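> quick one, fold the following:
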Amino acid sequence: MWWLLLGTLGFGALSALVPGVPIEAWLGGVGALVDQIGIWPVAFAAALGHGLGKLPWYALGRWSLGWPWMRRQMEKPAVATRYESLVDWTERHPGWGQATMLASSVVGLPPLAVFIVVAGQLRMSPLACLVSMTVGRTLRFAGILGAFVWAIDLFRS
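Okay, here's the model as predicted:
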């Protein structure tokens, strides 16, 4: 069943990179197969793939600060001051950024696709972001898989 874990990791990455490719649909499909492996390994594989797939969005956030439009915005004293104060606050209180990343990964508020770009702009640690996303998404995906397994078991009886 290694192919199930590898496929789930890959589909998780694809889902994170391409808007409109729902990992939940994949999880629903593999819900019937997790009996042989277990919910947690499949949820972890999906979460790790999803987290790795979000890292290019993090990089986009980091790189976007060099774009001409963003540079013009950052030349405005009010914008530059606010940005630097947010970066400073995030660096002094890394736990809040990671807690927000974790919450976003579990419940989707703020939307993870948006927050990962902001995390890049605020220069949060990419490794800490990956760990928070993986933990949060593992919990989320285990819940989704558990619901699918429960529904499948209900219809089998």
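> okay, stretch 144-153 in CSV with CA atoms only?
Extracted in CSV, the C-alpha atoms of stretch 144-153 (Å, rounded to 0.1, in the frame of the first residue of the first chain):
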residue,chain,number,x,y,z
ILE,A,144,-12.2,14.1,6.8
LEU,A,145,-11.0,10.6,6.4
GLY,A,146,-12.7,9.5,9.6
ALA,A,147,-16.0,10.9,8.3
PHE,A,148,-15.6,9.1,5.0
VAL,A,149,-14.7,5.8,6.7
TRP,A,150,-17.6,6.2,9.1
ALA,A,151,-20.0,6.8,6.1
ILE,A,152,-18.6,3.8,4.2
ASP,A,153,-19.0,1.6,7.2
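> next, the contact list for M74, please.
65, 80, 83 (C-beta atoms under 8 Å, 6 or more residues apart in numbering). For every residue, glycine as well, the C-beta is placed using N, CA and C.
> of these, buried ones?
Buried subset of those (neighbour count, 16 or more other C-beta atoms under 10 Å): Y83.
> and which of the contacts of M74 is nearest W3?
Lowest distance from W3 to the contacts of M74 (C-beta to C-beta) belongs to L65, with 40.4 Å.
> just checking, the closest one touches Q121?
Yes: using C-beta atoms under 8 Å, L65 is in contact with Q121, at 6.2 Å.
> chain neighbours aside, what residue packs nearest to V21?
S15 (4.7 Å; C-beta to C-beta, 6 or more residues apart in numbering).
> what's the neighbour count on that neighbour?
Using other C-beta atoms under 10 Å, S15 has 22 other residues around it.
> show me the contacts for L112.
L112 touches 54, 101, 104-105, 133, counting by C-beta under 8 Å, 6+ apart.
> do you have the helices of this structure handy? List them.
Taking DSSP state H as the criterion, the chain carries its helices at 2-17, 23-30, 39-64, 68-74, 77-92, 94-107, 112-121, 126-156.
> tell me the gap between the second one and the middle of its chain.
The gap between the average C-alpha position of helix 23-30 and the chain average comes to 16 Å, counting by C-alpha atoms, centre = their mean, to the nearest Å.
> swap in the shortest one?
Taking the mean C-alpha point of helix 68-74 and that of its whole chain, the gap between them comes to 27 Å (C-alpha atoms, centre = their mean).
> on that earlier part again, reformat the helices of the chain as a markdown table; add mean pLDDT.
A markdown table is the format used below for these (pLDDT from 0 to 100):
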| stretch | mean pLDDT |
| --- | --- |
| helix 2-17 | 94 |
| helix 23-30 | 90 |
| helix 39-64 | 96 |
| helix 68-74 | 88 |
| helix 77-92 | 87 |
| helix 94-107 | 93 |
| helix 112-121 | 92 |
| helix 126-156 | 93 |
